[in-house]
Structure formats: C-alpha cells, structure tokens
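In: Compute the structure for the input listed below.
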Amino acid sequence: METRAGGRSGWLVLGLLTILSLPPAEAWGAGLAARFRPLIAREASPLVIEVEVDDPMGASASAVVEIKSKDRGEWASFTAEPTDVSGVYRCTAQLSPPPVAGELVLIRARVLGARGGILLELGQDEALEVEILSDARYLEAEKLLTRKVESEGKLDLIAYVGVEGRLGSGARARGVVSIGARLSAKQELVLGVAVGPAFERPSSLSAGGPIVLGVEAAYRAYTVVPLLSGFAPFVDVVLSSDFRLPGFDPGLGARLGVSIDLSLDARLDLALGGAAQIFNAAGGGETTLGFSGGLRTTLRFGSFGEGKAK
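Out: Numbering: from 1, shown residues only. Model prediction:
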C-alpha cells in the first residue's frame, strides 16, 4: 500500500512539474510566423538573405535557405545562423556559376526547431523571385528603397531612455531622457536632459549644488539605414551644457555608437564619446578648459520597423 501511494505521489509531482514547465497560454496562441527581409541582389556579389521569425515560444534554432537560378541548375542549400537580432537568421549564398544581371533567382527556406524537425516552410509552393541587378540598377534600387523607408517609416518623434557614466564632469552617473525627430532614413535631431548627483566631482568643479542638470542637442547620422540592418553604427555631434546651480559648463563633443534592433519598434543604443567643456563659465570657481567623456546606454523607441517585409 505504501509503495502504491508513493507511486501516485510521484506521478502527481511529475504532472505538476510538467504543467509548470509549459509556456504561457498566450505563447501557444501566438503561433509562429516567418518572412524574408527586404533583399536587393547585385551582379557578381553574394546574396545576403535574412529570414525573420516571430517565435514567442523560442522553438526555432536555425534556418535552411535554398536558392537556384530560375532557368538552370539545381537547388543549393545554405544554413542561416542566428544574428544579434532575436528571431532573425542570416546566410550568405552564392550560386556557381554566379547569375548575371537580368537573371532571376528563386529563394525558399525552412525554419528548423531547437530539438530538430521543420517548424515552418517559406516559398515551397511559390518561391520568392529576385532579379539580379547590374551595378547601376542596384544603386538606383537602393535609393528607391531608402525613399520608401522614409515615406513608410516616417516618424515625427522618437523617445530615448537610459543611463550614462561620464568621467571628468560634475556628475559621474546620470539618467538620460531624450526626444528625437527623424530628419531622414539615416539622420536624427535629438534634444534631451541627463540628470545625476554631484559626487566625487573634480576639484575644479567644487562649486555648485548637489544635482547636475545636463541639457544637450545632438545631430545623429547612421552609416546605414536602420530598417535594413539590425546593427547600425552612428555618430553624434553634441552641443551640451551642465548646470550645477550656480555652476555652468558648456561643451562641444561627439559620440560613436551602434544601434541594435530589438524588434517591437525598439532598439538598444550603445555609444562612447567625449566633449571639450568650459568649466565654471558662470558661477563660482576659476574658468578652465577641460574634458569629459564616458559610455551611454539607451533604449530607443520608434517606428523604423514599419516598413519591414511581411
């Protein structure tokens, strides 16, 4: 009797653990979806193919991409590996011999599960057709796609929230809140504040209150269109002022950084930079020229994702 009761208890515990380990109900209902990201094919260049997967359960692990010329040859397979962007798998593919300008290439893909097996198939019934473009047509298509991004993904305001560590200033740790306006697909104008306590400040900044209020205006330029890349480097040119009440320290500097796509219209921005500042331009203390710099981490909330392929 004791053995039988113990067995029932064991099955009960096992069943309870199984239930607790299941994904939440909303994950089951959300299901899986996948799509090819925007792609332009250039003559004599490999195809960079990205498969974007909506996977709330985290069941996918990789993807297999197959390509072939529409009029010749057999299907060639390539493994698409995970990227820094969650749910995006990328591969670099090239046919042999390489297709020429004007030729059509067919693309299809299979999304593979973390425990094996095929979760989704793209293009098995009707493969994606991509035309190989000459250099001149490729540059023209890139400009058209950029203009499409600007029109579809147009955004009046962008929100930034984050933290910053800045050495050589009136406050070494600051909270950052900014509002930006997108000027084009690769340019932004950002206005913000950075507030922090004035602890362990340099001796030249001994005068002033316990709180530092930094105000800045920044022009940002990306090296690539963020919509078309999950990893977008940028440079900020920054005009700033630190108010230490009564201290006032204006400055001019720059930041180099990268914006990483987190999906859901959010990006993670990491930037390292510095500025030349005029310390004690107003208020107590001797006016001196100095330098400050540090690392800034912010979350960017906008709608660069509006133009993604569905």
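In: hey, what's the most centrally placed residue in the chain bridged with?
Out: Centroid-nearest residue in the chain: D261, 1.7 Å away (criterion: C-alpha atoms, centre = their mean). Beta-bridge pairing of D261 under DSSP bridges involves R267.
In: can you give me the strands in the stretch 51-200 of the chain?
Out: 60-69, 76-82, 88-93, 104-113, 118-122, 128-133, 158-167, 173-184, 187-197 (DSSP state E, counting those that start in this stretch).
In: Any idea which of the ones you listed gets closest to L272?
Out: Taking C-beta to C-beta, strand 158-167 is the member of those nearest to L272, at 10.3 Å. All C-beta spots, glycine's among them, are computed from the backbone N, C-alpha and C.
In: Can you give the contact residues for the closest one?
Out: With contact meaning C-beta atoms under 8 Å, 6 or more residues apart in numbering, strand 158-167 is reached by 172-182, 188, 190, 192, 194, 196, 269, 292-302.
In: try it again with 6 Å
Out: With C-beta atoms under 6 Å, 6 or more residues apart in numbering as the test, strand 158-167 has contacts from 173-178, 180, 194, 292, 294-302.
In: same check, this time on stretch 257-264
Out: The contact list for stretch 257-264, computed with C-beta under 6 Å, 6+ apart, reads V85, P226, G230, A232, P233, F234, R267, L268, D269, L270, A271.
In: Taking strand 187-197 as reference, get the angle to the host helix or strand of the fourth one.
Out: Counting by DSSP states H and E, the element that carries A232 is strand 231-243. Between the axis of strand 231-243 and that of strand 187-197 there is an angle of 50 degrees, by axes from the mean of the first three to the mean of the last three C-alpha atoms, to 10 degrees.
In: What pairs with strand 231-243, parallel or antiparallel?
Out: Here strand 231-243 is paired, per DSSP bridges, with strand 211-222 (antiparallel), strand 248-261 (antiparallel).
In: Kindly present the ones you listed as TSV, with separate columns for mean pLDDT and distance to E66.
Out: Shown next, in TSV, are the strands paired with strand 231-243 (pLDDT from 0 to 100; distance: least, C-beta to C-beta, whole Å):
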stretch	mean pLDDT	distance to E66
strand 211-222	93	32
strand 248-261	92	26
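In: Which one, of those strands, ends up nearest to T92?
Out: Of the strands paired with strand 231-243, nearest to T92 by C-beta to C-beta is strand 248-261, at 18.9 Å.
In: which residues does K186 contact?
Out: Contacts for K186 (C-beta under 6 Å, 6+ apart) come out as Y222, V225.
In: And it, how close does it get to V88?
Out: Distance, K186 to V88, using C-beta to C-beta, to the nearest Å: 20 Å.
In: Specify the residue ranges that define each domain of this protein.
Out: What the record gives for the chain is the domain set 30-133, 158-307, from automatic domain parsing.
In: Specify the stretch among those domains that is closest to E142.
Out: The closest of the domains of the chain to E142 is domain 30-133. By C-beta to C-beta, the value is 6.3 Å.
In: can you list the weak-confidence ranges in the stretch 1-150 of the chain?
Out: Along the stretch 1-150 of the chain, the model assigns pLDDT under 70 to residues 1-31, 145-150.
In: show me where it has helices.
Out: Assigned by DSSP state H, counting those that start in this stretch, the helices in the stretch 1-150 of the chain fall at 2-21, 25-30, 135-152.
In: Count the neighbours of T287 for me.
Out: By other C-beta atoms under 10 Å, the residues close to T287 number 12.
In: so what's it up against?
Out: Contacts of T287 were listed using C-beta under 6 Å, 6+ apart, and they are N280.
In: Swap in 7 Å and give it another go.
Out: By C-beta atoms under 7 Å, 6 or more residues apart in numbering, the contact set of T287 is I278, F279, N280, A281.
In: closest to S203 among those?
Out: Nearest member of the contacts of T287 to S203, counting by C-beta to C-beta, is F279, at 10.6 Å.
In: thought R108 was touching L122?
Out: Yes - between R108 and L122 there is a contact under C-beta atoms under 7 Å: 6.0 Å.
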